[in-house]
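Visitor: fold the following for me, if possible:
(6 chains, ligands or ions: 4)
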Amino acid sequence: MFDLIIPFLICFPFLMAVILLCCGKSKFGNIVSYFGAVVIMIASVAFFVYKGVSGGFAFGQGMYVNTEIADYVILAGEILIVLVVTFLSFKYKRAWVSLLSILPTAAIIFQEEIAAPEEIEHIYIDKLALLMIILVGVVGSLIIMYAVGYMEGYHNHHKEVQDRRNYFLALLFMFMGAMFGFVTCASLIWLVFFWECTSVCSFLLIGYTRTEEAVNNSFRALWMNLLGGAALVVGIIAFYNYVYPTLSFRTFLMVIPQMTSFLGAVSLLPVFLMAFAALTKSAQLPFSTWLLGAMVAPTPSSTLLHSATMVKAGIYILIRLAPLMAGNVVGTFIAFIGGFTFIAASLMAVSQTDAKKILAMSTISNLGLMTACAGVGTAETTWACIFLLLFHAVSKSLLFQVVGATENSLHSRDVEDFHGLLYMLPKHAMFMFIGITGMFLAPFGMLIAKWSALKGMVDGKHILLILFIVFGSAITSLYWCKWMGKLIAHPHKEKKVKDVTHAGEMISFWVHGLVMILLCVFLPVVSVYYVDSIIAGSDMFNTNGAAIPASTMYILITILMLVFIVPLVLYASGKNDHSTEKLAYMGGINTGKNNGFVDFMGEEKTLMMSNYYFEKMLSIEKLMKPAQVVALVALLIIFSMLGGYSIGGMF
Amino acid sequence: MAVMTFAGAALKNFFSKPVTTKYPAEPAEYKERTRGHIEISIDDCIGCGMCTRCCPCGTLSIDKIKGTWTINRFDCIACGFCVEKCPKKCLTMVAGYQTPDGEKETVTYTKSPEVLEAEAKQREEMAKKAAEAKKAAEAKKAAEAAKAAEEKKD
Amino acid sequence: MGKRSVIPYGPQHPVLPEPIHLDLVLEDEKIVDVLPSIGFIHRGLEKLTEKRDFNQMVYVTERVCGICSFGHGYGYCDTVEHIMNIEVPDRAKFLRTIWFELSRLHSHLLWAGLMADAFGFENLFYQCWRVREKVLDVIELTTGGRVIFSVNKVGGVLKDITPDMQKAILEMLDYVEKETKVLEKTFMNDYTVESRMKGVGVLTKEQAHALGCAGPFARASGIATDMRMRGYAAYGELDMEPIISNDGDCYGRCEVRIGEIYQSIDLIRQALDKLPEGELAAVVKGNPDGEYFMRIEQPRGEADYYIRGNGTPNLDRMRVRTPTFANLAGLCAVLKGADYADVGILAVTIDPCISCTER
Amino acid sequence: MTATEGKNEIIAIEPGELSVKAMEMKSKGLRLSQACAAWLRKDEKLELSYSFVDDDNYDMFNVRISLDNDKRDTEIASISDIFPYAAFYENEMRELFGANIKVINLDFHNKLYRIEEETPFVPKKEGQN
Amino acid sequence: MISGKLISAICYVLFAPLIGGLIDGIGRKISARMQRRVGPPLLQPFYDLGKLLHKDPIHVAPSQNFFMMSYLFFIVMTGGMMFLGMDILMCMFVLSTAVMFLYFAAVVTGSHYSSIGASRELLQMVAYEPCVLLTCIAFYMVRGSFETAEIIKGDISPIVYLPGVFVAFIFILTIKMRKSPFDISTSHHPNQEIVKGITSEIGSRNFGIYTLAEWYETVFLLGMVALFIINSNPWSILAAVVVIALVYFLEILIDNTSARVKSDVMIKVSWAVTLVAAGFNILVLIYFLG
Amino acid sequence: MYKITRSPWVMHYDGSSCNGCDIEVLACLTPVYDAERFGIINTGDPMQADILLVTGGINTQNAPVVKQLYDQMADPKVVVAVGVCACTGGVFKDCYNILGGADQVIPVDVYVPGCAARPQAIIDGIVKGIGVFQERLEKMEKGESLTEDKEKKAEETAESEDK
Ligand code: NFV
Ligand code: SF4
Ligand code: SF4
Ligand code: SF4
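Guide: Ligands and ions are numbered 1, 2, ... in the order given. Now for the predicted structure:
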């Protein structure tokens, strides 16, 4: 019975989406969404637990070998997607975009039709898939819950945007459905479908407000992702025709290492194309701009794109491909692009004041790190990659949500306006704090994962990557720290802010916060009992992944826990400590409080403190283009290398 | 691009004797002209008040009758103008500064009793003389007035 | 707009011990706007003319500032002497010149120290001040005061420089010259120092003229103006050229001031050489009646004195326009666009003297 | 180089002529070296002097406006648009002497020195307290 | 073995302040002599600390007290972990956490000098962090372990393999020890353009805590220097002490012969040194020593 | 009882001094007088200072500044007025913008006369200040309040001013 959960997880969200679309404008949509979200969450958790209990997470399981009806549904879906894309691209006068959808779809359908019939499993569940399911299930449904409350506030203060919130929620559901499908499917055809599905969903989400900017950005996202999709299709076709005639993803993964030895670079071409597709989806350079543009949509959509879904789809593929990239030219270049993105995006993040932009840049940069890890492709780095993915999903989701909620109350998402947020919206500030610490500070997993990544790369002697990481992480701490500093700083003005955050949003925050802390406390457990065995899976490395022995990890975690506990203890014990309060030092001219001084005319002026941004040096406008060029050149080099080999190899 | 150009000098300093004075273990040395504080040989003072009038700070005060000369050392800028102006040259500028203190006290110098007595005597005489002179002047005036009145009558 | 910091600088601030207050608007650490505020030290001593007679005022003017104290006393006396048509004895003129240059010497060394301090070079600061102590020793030897000389009076000087003292002065000059060479090497060549001074606070010749800058500040921008060329006191009989630099930045200003240290040394030597015998002061009779505008070169630049007598011992008006007052506009100009880290340096680079400015 | 004492002239003008004079000085390449006010206690007169100097030959021209006691708040146009840094002098004159200078480009509104007493250098007019 | 480590860690916690204070005192004395003056007594740092702890505690924002305590705690923990023979990379991460608390203690007041100082502290971190991480990595490359207990066990001192990294680390040490030319976030000398920078709002007891933390940190950093020298030969400890003394003297000399540079120069120069010296060293290590 | 006499950290504020006393305060720190011999450090920050050195008189604009800096210092604290300006207003006391010495706004513990006060005098003054500091500390450790003491002193000085 539990096996039915997979199709359920895939179909149910689509069903919810349809219902929501039917709801029109009614408030009924809220209830539907809550219901849907809870169901999905319960289902995914239940499935996870069941798998754990029944099989001890021990095995991978292929399912649904015979899926004729489903295949037709998929085919219909593919055609529907093409129609939607074509229609919209004509409507918004960007007809050429439709080609990126029509051609690959046609090609893949054609490929499917001419392919020799084979018995392949269409769904395959292993631990990685399971991990993704629970991630998407939990984080995704929390985001939906949050979205219900958020859209309320959003439409109250963005009157100019047409209220189509049920449509919006429907898209979110669809997205989740597509994600479930994507991480569980084992057929390359299905993979393409779900891939395109997420592309189109994100496109529609980004264009939600229908402003000119939104339309532009959504089309940028669309064409980039479709380009990735096209690469995926080409990769699959090339694989089928030149390497090994199968449409099974699992076979794909297993067969390539063996084929490399006598087919040479040709066998790497599909891997590269797939990785390329992953780069577009994970918004790596030079394709990072679409993710930035996605900011125009209401926050829940960014949350979804940035945390558990969409960009993680790319990483998911890369993790799958990691063993195929270890030590070869594809891996090297992918890792280079990842590492480069890591440092370039962190640099750009420094110059941002818009909280969502910072989050976006940090997403890109963290994805870069994951990409680099996957590109290196050793067991250790892949271990790190999975942990990065896990922690990043949770903390980013939390951060995006909190920023969104704060924006609704504060009417600004400028980090400078968060000055003294702790005094205005204490809860929000606290969750932001947790989210940010999760992103880079000990004891949270991101840091340990980073450490492990570093170690893996040192072992692999990737000097360039090491440099990228050591410099990049210094910069990362810079922009996070200055944000945290803003939250706790003494406020410029005593400002009363009305907190309009919904209960649903708050629940989501709490759950996220809790999950984060639990994950961090139980990191060794998760590592030993779960992630290690992903790495050790048959199609992965067959070795234990963790760069750090579990025993060390226990000690570390215990010690690092002090980072939590000690401040708390100190805080509690310092409460009734005697200490005299003084005015802040301002050269002797405060006006009796800490945020005003006597100005040159003898009147009171408000002291304003802002962080450093180095706008002139590090702005996105300035760095993005050159960074894209570098990445593009790297891509071109590898492409021509592989293309040359392949063509050479073919004759 | 030279870095640490000062290293030579710093190292040389390191190995040479510090220039620091030993004060307060050893008393401070003063130059001969050092303007430290004002001393008075009070008995020479004639109480002319020149010093009080010329002092730019109004630090000094005298009481001619009591024979005192008062200075607020926490107010004196040691300019030496009083020294220059004193007709009797009884003021001198000497080296050595007034030690810091918790209170700003004034110092009063009083003439020795003998001198005071002599002065008082002198004053009396003077007063007598003055009185006489005044009387004489008055008489003169009266006489003149009378004369004038007479003349008017005429 | 959210990215701007609005902060005060001073009045209490250790880099420049004097209270000056600036309202700064920063972007990152770049200064985008600056508004100066003065008055923390304003005493209103010009009005004391109503309460003090013109002889006492010498001592008050000397306390306009403890750094350029001698110059103020001199400028005041000279102006009054002009009004009263007093012919000052030659020896007095030369003595005044020597003291004036000694005061410039100590002032420039003091500046060099403060500058070193402002860019965080402790040791250099200490060494500058160590050298300066030697100058102060000589000053104390000849005048009796370390910072306030009190040797001027209307009509001439109060004290003489005896041959012994002359020898001490010459010895001191040799010492200072030798030590300054060492300091100069670091000021002019050290990488860290250069990185703080080169290209910082650039003021072109045109700007400097348009903002009415004075003294070494203007000379560093290539304006060859030096009031000593007017030949007051004994300068007319000594050999000198204004020292200029064309960089217009902090480095240039440093160069000019260090050049002037050597120049002062040279001038004192010349003056001692030519020191004539004679009276120390002329006899002064009557009260000043009339007016005169006097311009002299203080360590920080041109100082203007304006005195208006009305035939009583109490002057109608005594006015000092100090170089720093003239340089305030220039200071604001160089501050705009500079880094916050440079505020201290730029403030010190004009060699500000707020107590002069506000009187 | 030989010492040049330089000229030292006082040029009396009417209040209205100031800007014209300042323009003239500026066109000659002179700079404003100072501006000050004086209150003549005996004659009960307020005098404003603007000094212009030539940096090449050390000439000095003092442009003088005399205002009798009853006219002492005659409006005087600021020259801070011609010599921007005149603002400081003009603020000073206004704050300490009550000279009625209008439209200063950097106006401190009598708060340059932020003193308690109003216009300490000139006696209060009758009717004022 | 474990107990040996434990003892050394306990010794660190107990005696580091003494050593740190003494080192500070010696440093001040040397500085003074380089400036041609007598300087404070050797034990001056302890007098200062005593006074600070006896004054009436003050704060600008109440949370400062707790941030400062946390700062101290994590600094101690950093060193403790190192002397326990634990993972040096983790030590560094804990150290950054400690710095974070100092940063918070400064920004929480919202006052401008401490905020600017705090921002600059972050820039300093940006400047030195890469080199610090690279140093750890270099140790790992030489010894195959991040654990200090392992690092000190080799036959040949790591410095033989890591001269470039050593140079870069010494360079970075100037930043960490807050010495000129890199004392930009706060300075031991009073005359900073941002007054006391990050410590502007920290007075009396909190400043005492800060001082204490600095001593711990000094000892920790000098311990890092020792790691370059120490090998399995016990005499190497003596060599390490000598090297530490030399390094410290050098730092003071640098402090006394340079102006404070600006943050951009600091980042540029320290990154350049990191890349050239440490990066090149590691490159050589990878490709030539395998 | 802790002897604190060895670590007085001073902060210098220039009231409306003519700079004469300021540079002498600075000169105290330089190699020739080297106040650091006595543990004296010149900190710019009231939070860390024990002794406030005021030079120059008080005028309308700096009165609140001096008061505030004094208030920001942690107890126990000592004020040393350096130079006759800071003691009484000195040569400027008749100026329209001078209110008088530093004791107009804060209680002064030690007066250092001189115009300009000599470095030796300043060092003496600080050393004298340390004595007061020690007394205050002892008082504070005993739990007695310091404010009374200061207020009394302020009153006294105000009275003496009246006279
Ligand atoms: N006049 C005058 Fe000055 C000024 N400004 C001069 O050098 O220092 Ni106090
Ligand atoms: S030295 Fe000057 S201030 Fe002192 S009493 Fe004499 S005249 Fe007055
Ligand atoms: S001026 Fe000389 S004689 Fe006259 S009162 Fe003063 S001290 Fe006495
Ligand atoms: S006491 Fe004298 S030297 Fe000191 S500030 Fe006052 S006038 Fe200047």
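Visitor: the helices in chain B, which residues?
Guide: Remark: helices assigned in chain B by DSSP state H are B:7-15, B:50-54, B:81-85, B:113-153.
Visitor: got these as JSON lines, with mean neighbour count and mean pLDDT columns?
Guide: All C-beta atoms are positioned from the backbone trio N, CA, C, and that covers glycine. Formatted as JSON lines, these follow (neighbours: other C-beta atoms under 10 Å in any protein chain shown; pLDDT from 0 to 100):
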{"stretch": "helix B:7-15", "mean neighbour count": "17", "mean pLDDT": "79"}
{"stretch": "helix B:50-54", "mean neighbour count": "19", "mean pLDDT": "84"}
{"stretch": "helix B:81-85", "mean neighbour count": "19", "mean pLDDT": "84"}
{"stretch": "helix B:113-153", "mean neighbour count": "11", "mean pLDDT": "82"}
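Visitor: so for chain A, which of the ones you listed sits nearest?
Guide: Chain A sits nearest to helix B:7-15 of all the helices of chain B, at 30.4 Å, using C-beta to the nearest C-beta.
Visitor: any idea which helix or strand carries the closest residue to chain B within the stretch 551-651 of chain A?
Guide: Going by C-beta to the nearest C-beta, chain B is nearest to A:Met617 of the stretch 551-651 of chain A, at 23.2 Å. Using DSSP states H and E, the element containing A:Met617 is helix A:615-618.
Visitor: is that helix positioned near chain E?
Guide: No: against chain E, helix A:615-618 shows no contacts by C-beta under 8 Å from any C-beta of the partner chain, the least distance being 8.8 Å.
Visitor: mind giving me the packing neighbours of that helix?
Guide: Taking 3 or more C-beta pairs under 8 Å, 6 or more residues apart in numbering or on different chains; DSSP states H and E as contact, the helices and strands that helix A:615-618 lies on are helix A:329-350.
Visitor: packing partners of the top helix by length along chain D?
Guide: Ranked by residue count and defined by DSSP H, the top helix of chain D is helix D:86-97. Judged by 3+ C-beta pairs under 8 Å, 6+ apart, helix D:86-97 is in contact with helix C:323-335, strand D:31-40, strand D:45-53, strand D:101-102.
Visitor: any chance of TSV for the helices of chain B, columns distance to chain F?
Guide: Output for these, formatted as TSV (distance: least, C-beta to the nearest C-beta, whole Å):
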stretch	distance to chain F
helix B:7-15	9
helix B:50-54	13
helix B:81-85	11
helix B:113-153	26
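Visitor: who does D:Ile65 bridge with?
Guide: D:Ile13, D:Leu48 (DSSP bridges).
Visitor: mind checking how far stretch A:207-224 is from the chain centre?
Guide: How far stretch A:207-224 lies from its chain's middle: 19 Å, per C-alpha atoms, centre = their mean, to the nearest Å.
Visitor: burial count for the closest residue to ligand 2 within chain A?
Guide: Closest approach of chain A to ligand 2 (C-beta to the nearest ligand atom) occurs at A:Gly588, with a separation of 30.5 Å. When neighbours are counted by other C-beta atoms under 10 Å in any protein chain shown, A:Gly588 registers 28.
Visitor: quick one: contacts for it?
Guide: By C-beta atoms under 8 Å, 6 or more residues apart in numbering or on different chains, the contact set of A:Gly588 is C:11-12, F:13, F:46, F:64-66, F:68-69, F:72.
Visitor: among the residues you listed, the buried ones, what's the PyMOL command?
Guide: To isolate the buried members of those in PyMOL, using 16 or more other C-beta atoms under 10 Å in any protein chain shown:
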select buried, (chain C and resi 11+12) or (chain F and resi 13+46+64+65+66+68+69+72)
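Visitor: adding distance to ligand 1, write the contacts of A:Gly588 out as CSV.
Guide: Converted to CSV, the contacts of A:Gly588 look like this (distance: C-beta to the nearest ligand atom, whole Å):
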residue, distance to ligand 1
C:Pro11, 17
C:Gln12, 19
F:Tyr13, 18
F:Pro46, 26
F:Pro64, 25
F:Val65, 21
F:Val66, 21
F:Gln68, 26
F:Leu69, 23
F:Gln72, 28
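Visitor: fine by me, thanks again.
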